[in-house]
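*Asks:* Let me see the structure of the following:
(2 chains)
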Amino acid sequence: MQQAADITRIEQAARTLRCDIVEMLAEAGSGHPGGSLSAADIVAALYFGVMDHDPAQPKMPTRDRFILSKGHAAPVLYAALAEAGYFPREQLKTLRKLGSMLQGHPDSNKTPGVEVSTGSLGNGLAIANGIALALRMDDNTTSRVFCLLGDGELQEGLVWEAAMFAAQQRLENVIAIVDHNGLQIDGPVAEIVAVDPVAEKFRAFGWEAMNCDGHDVRAVVTALQGASGHHGKPTVIVADTVKGRGVSFMEDRCEWHGVAPTAEQAASAIAEIEQMQD
Amino acid sequence: MADKRATREAFGETLIELAREGRDDIVALDADLAKSTTTAKFAAAFPGRFFDVGIAEANMIDTAAGLAAEGKTAFTGSFAVFATGRAYDQVRNTVCYSDLSVKICPTHAGVTVGPDGGSHQMLEDIALMRVLPRMRVLVPADFNAARGAIRVAASTPGPFYVRLGRATLPAVHPDDFVFELGRAYVLREGADVTLVACGVMVERALAAAELLAAEGVSAEVIDAATVKPLDADTIVGSAAKTGAVVACEEHSIIGGLGSAVAEVLGERQPTKLARVGVRDTFGTSGDPEELMRYFGLTAADVAEAARGLLRG
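*Replies:* Sure, this is the predicted structure:
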C-alpha cells in the first residue's frame, strides 16, 4: 500500500544504519563494510518508506518481502531490522559471535525479518521468484518481492536463469535492485568480468529497467514506488552507488569489501557519517 | 499389483492423489523433463500448481525454495545427476540451510538409465545428499515403496531426497505398504549373513537369498529404504546375529548405503562387510539389464559377495 514517504525520516534512518554498520563490524572484528554502506540508502528507503511491513508481525501475510541476495551485506539488513524494531538494538554487537542470532550471512532460522537464508551469491532472485509465484497462487496482488543484488553478483549465471524465468512467468510483483557500485573483491567489476550495461541486459531479458542515483533518497523512493504493476513484467532498478559510501577512507575502495574497521577507524567513520548532509 | 512399474511412475500419480485428498499446498517443478519424470501428469491435472523452469536446475531448486518459504510443499523433478549435481549449492545453501520443505525427487538414478550413458547415470547422489545436514534420504525399492516415500516426504516438514528410477521393477512390497520414515524392513529372516540393500537391489538381494538357501546358507534380507536417518538398530542387531554383512546399492560403493552401514557397524558392531555397488567408476552406455551384469549388480553377484565373506 503506497503512502507518502517521509524523505527526511529515511535520510535520518540511512545515517543511523551507516553508524550501526560501522559499529557492529568493529565489534565483530570481521565482515563487509563496503557493500553494506553502498546499500544503506536503498535499504533505508525500503524499510522506512516503501515497504509495507510490521516488526511485531514478521510474517504478516500482506507484507512486502525483501531478499538480500548480496547476503554479505547482512550488516545493513540487521541495522534496518533493529532500527525498525524486529529485535533489540543491543543484539547488533553480537554479530558473527558464537550463538548469535545475527549470523555472518542472513539466517532465516535465527533472525526475525529474514525471509530465506542467503550468502552464496546468485541465489536471491530465483528465491524471490518462487515467493512471487506463491503470492500469485494465493491471490495476493498487493505484496511485492524486493531483491537486492550486487553488481559483481550478476556474474553468477543463476541470476540470468532467474531473470529469464521471471519474465516468462510475468512476475510483475518482483522488483530487483542492483547495488551498482562498480567494485568486487579482486578489482573493479569492469576489469574482472564486465556486467555493464546492466539495464539493457535486463531489458533484453524482458524486464522493465531503470537507472537511478542510489544515494539520492528521493530518487530511490520514486524509482521503488514506480516499480510495481508494469503490466506483466518484473522490474529492475539499477542504483548507481559508491562502495563504502559515507566513510571517506572506505569510499570506492575494493579493499574495504570484507575487512572490518578497527575501533579507531570506526570512531572516525561515525564522526563523518554524523556530519553527512544529503 | 505394482509389478513391472517404475518408481518414477509413482511420482506424478502420488502428487495427484495427494492434491485430490486436499493437499492444496503441494506444488511441483521440473526442468524440461516433465514427461520423463511424470510431473507432466500432475501438471495436466493441476496446471496452476506446476512450473517448468526449462533447462535450469539450480533455478528449479531455488524457485521451489521460495515457494516453500511461503508455505507450499514443493516437489522437484529432473534427473538425479542434474538435480543433485548442478543444483548442489542450492540444495545445501538454500534448501537445507534454511530448512525448507522442498522435496527433491529426481528420476533416472543409477545405471538402469541405460543407453544415455555415463554422463546421465548418477552414481553419487545418495552420497551427496546423505552428507547434508537436515536432509532425509529415501531410496524406495519398488513402485509401492515409492508412493509411500513421496507421501512421507509430503507429510514431514523439511528437506527430502527421494531417489527414483527409470526402469520397471518387480514388486517387493504389497499394495497397502506404508512407508515408515527411518525404518529398515527385515523382509526375510536369516542367521548366516545379512544382505542390506536399497532401491533396485532389494529384489536382487531377495533373489540372492534364494540362491544361498539352495546351498544351505540362511540369509537375512533388509530393505534400508531410509538411508538417512539410517535404522542403525535394525542393521546392528542383524549384524550381531549373523556376523557378516553385504551392503547392496545401484550406486558407488563410496559414500552411499554401504558407507552408511560401515559407519554404524564400525562404531557399534564391527562386522565383516562387503559392498556390492559400482566400484568407483562412471557408468557407460548399454541396455539396463546388461549394465547391471556389467557392473556386478545381479543377484548372483550379491550371493557371491556373501559366499566370499563366509569363506574368508
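*Asks:* before we move on, which element is the residue of chain B found nearest chain A in?
*Replies:* As assessed by CB to the nearest CB, chain A sits closest to residue B:66 within chain B, at 2.0 Å. The C-beta positions use only the backbone N, C-alpha and C, and glycine is treated the same way. Assigned by DSSP states H and E, residue B:66 falls within helix B:57-69.
*Asks:* again, but for residue B:283
*Replies:* In the assignment (DSSP H and E), residue B:283 maps to no helix and no strand.
*Asks:* That one is in contact with residue B:114, isn't it?
*Replies:* No: counting by CB atoms under 8 Å, residue B:283 sits too far from residue B:114 to count as a contact (9.1 Å).
*Asks:* And those two? Which one has more around it.
*Replies:* residue B:283 (23 against 20; other CB atoms under 10 Å in any protein chain shown).
*Asks:* picking that back up, for the helix holding residue B:66, enumerate the helices and strands it packs against.
*Replies:* When contacts are defined as 3 or more CB pairs under 8 Å, 6 or more residues apart in numbering or on different chains; DSSP states H and E, helix B:57-69 packs onto helix A:124-137, helix A:157-168, strand B:26-30, strand B:73-76, strand B:102-104.
*Asks:* partner strands of the fourth one, parallel or antiparallel?
*Replies:* Here strand B:73-76 has these sheet partners by DSSP bridges: strand B:26-30 (parallel), strand B:102-104 (parallel).
*Asks:* List the residues that contact residue 159.
*Replies:* With no chain named, the answer covers chain A. Counting by CB atoms under 8 Å, 6 or more residues apart in numbering or on different chains, residue A:159 makes contact with A:122, A:125, A:149, A:153.
*Asks:* wrong one, chain B
*Replies:* So residue B:159 contacts B:91, B:95-96, B:99-104, B:132, B:134-136 (CB under 8 Å, 6+ apart).
*Asks:* Same check on residue B:133?
*Replies:* Contacts for residue B:133 (CB under 8 Å, 6+ apart) come out as residue B:96.
*Asks:* now swap in residue A:95 and tell me
*Replies:* Remark: with contacts taken as CB under 8 Å, 6+ apart, residue A:95 is in contact with A:24, A:25, A:27, A:28, A:31, A:74, A:75, A:78, A:102, A:104.
*Asks:* Please verify my assumption that the last one contacts residue A:94.
*Replies:* In this case it means residue A:104. No: assessed by CB under 8 Å, residue A:104 is found out of contact with residue A:94, at 11.7 Å.
*Asks:* So which bits of stretch A:29-37 are buried?
*Replies:* Neighbour-count burial for stretch A:29-37 flags A:31, A:32, A:33, A:34, A:35, A:36, A:37 (criterion: 16 or more other CB atoms under 10 Å in any protein chain shown).
*Asks:* TSV for those, including pLDDT, distance to chain B and secondary structure?
*Replies:* As requested, the buried residues of stretch A:29-37 are exported to TSV (pLDDT from 0 to 100; distance: CB to the nearest CB, whole Å; DSSP: H, G, I helix; E, B strand; the rest coil):
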residue	pLDDT	distance to chain B	secondary structure
A:31	97	19	coil
A:32	97	17	coil
A:33	98	23	helix
A:34	97	22	helix
A:35	97	18	helix
A:36	98	20	helix
A:37	98	25	helix
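*Asks:* and those residues, which two are the farthest apart?
*Replies:* Of all pairs drawn from those, the one with the longest distance (CB to CB) is A:31 and A:37, at 11.5 Å.
*Asks:* in chain B, which helix or strand is least confident?
*Replies:* For chain B, using mean pLDDT, DSSP states H and E, the weakest element among its helices and strands is strand B:168-169, scoring a mean of 94.
*Asks:* rewinding a little: export the buried residues of stretch A:29-37 as a markdown table, with columns for distance to residue B:173.
*Replies:* Shown next, in a markdown table, are the buried residues of stretch A:29-37 (distance: CB to CB, whole Å):
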| residue | distance to residue B:173 |
| --- | --- |
| A:31 | 53 |
| A:32 | 52 |
| A:33 | 58 |
| A:34 | 58 |
| A:35 | 53 |
| A:36 | 54 |
| A:37 | 59 |
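*Asks:* if we can go back for a sec, quick check, nearest of the contacts of residue A:95 to residue B:48?
*Replies:* Closest to residue B:48 out of the contacts of residue A:95 is residue A:74 (35.5 Å), distances taken as CB to CB.
*Asks:* How about residues contacting the strand or helix carrying the closest one?
*Replies:* Using DSSP H and E, residue A:74 sits in helix A:74-84. Residues outside helix A:74-84 that contact it (CB under 8 Å, 6+ apart): A:13, A:16-17, A:20-21, A:24-25, A:31-33, A:36-37, A:39-40, A:43-44, A:46-48, A:53, A:55, A:66, A:68, A:87-89, A:91-92, A:95, A:102-106, A:111-114.
*Asks:* so where do the strands sit in the stretch 1-150 of chain B?
*Replies:* For the stretch 1-150 of chain B, applying DSSP state E, counting those that start in this stretch gives strands covering B:5-6, B:26-30, B:50-52, B:73-76, B:102-104, B:136-138.
*Asks:* average pLDDT for the longest one?
*Replies:* Taken as a whole, strand B:26-30 has an average pLDDT of 98.
*Asks:* now that strand against helix B:57-69, angle please.
*Replies:* Put simply, strand B:26-30 runs at 170 degrees to helix B:57-69, going by axes from the mean of the first three to the mean of the last three CA atoms, to 10 degrees.
*Asks:* and the angle for strand B:26-30 with helix A:124-137?
*Replies:* Going by the same axes, to 10 degrees, strand B:26-30 makes 140 degrees with helix A:124-137.
*Asks:* contacts for strand B:26-30?
*Replies:* Here strand B:26-30 makes contact (CB under 8 Å, 6+ apart) with A:137, B:15, B:18-19, B:37, B:39-40, B:42-43, B:49-53, B:60, B:63-64, B:67, B:72-78, B:154.
*Asks:* Send me that strand as PDB with only the CA atoms.
*Replies:* Extracted C-alpha coordinates of strand B:26-30, given in PDB (Å, rounded to 0.1, in the frame of the first residue of the first chain):
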ATOM      1  CA  ILE B  26       1.500 -29.200  -2.900                       C
ATOM      2  CA  VAL B  27       3.300 -27.700  -6.000                       C
ATOM      3  CA  ALA B  28       5.700 -29.300  -8.400                       C
ATOM      4  CA  LEU B  29       8.500 -28.000 -10.600                       C
ATOM      5  CA  ASP B  30      10.500 -29.600 -13.400                       C
END
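*Asks:* count of neighbours near the residue of chain B closest to chain A?
*Replies:* Number of residues near residue B:66 (other CB under 10 Å) recorded here: 32.
*Asks:* and if you look at residue A:118?
*Replies:* 30.
*Asks:* so which residue of chain A comes closest to chain B?
*Replies:* Closest point on chain A to chain B, by CB to the nearest CB, is residue A:130, at 2.0 Å.
*Asks:* Let me see the confidence value for that residue.
*Replies:* On the pLDDT scale, residue A:130 gets 98.
*Asks:* Then the one 4 residues further on?
*Replies:* Residue A:134 is assigned 98 on the pLDDT scale.
*Asks:* Let me know whether it touches residue B:66 as I believe.
*Replies:* Yes: the criterion here is CB under 8 Å, and residue A:134 meets it with residue B:66 at 6.9 Å.
*Asks:* what's the span of stretch B:69-76, first residue to last?
*Replies:* 15 Å (CA to CA, to the nearest Å).
*Asks:* ok, now how distant is residue B:180 from residue B:229?
*Replies:* 12 Å (CB to CB, to the nearest Å).
*Asks:* And for residue A:145?
*Replies:* Per CB to CB, residue A:145 is found 35 Å from residue B:229.
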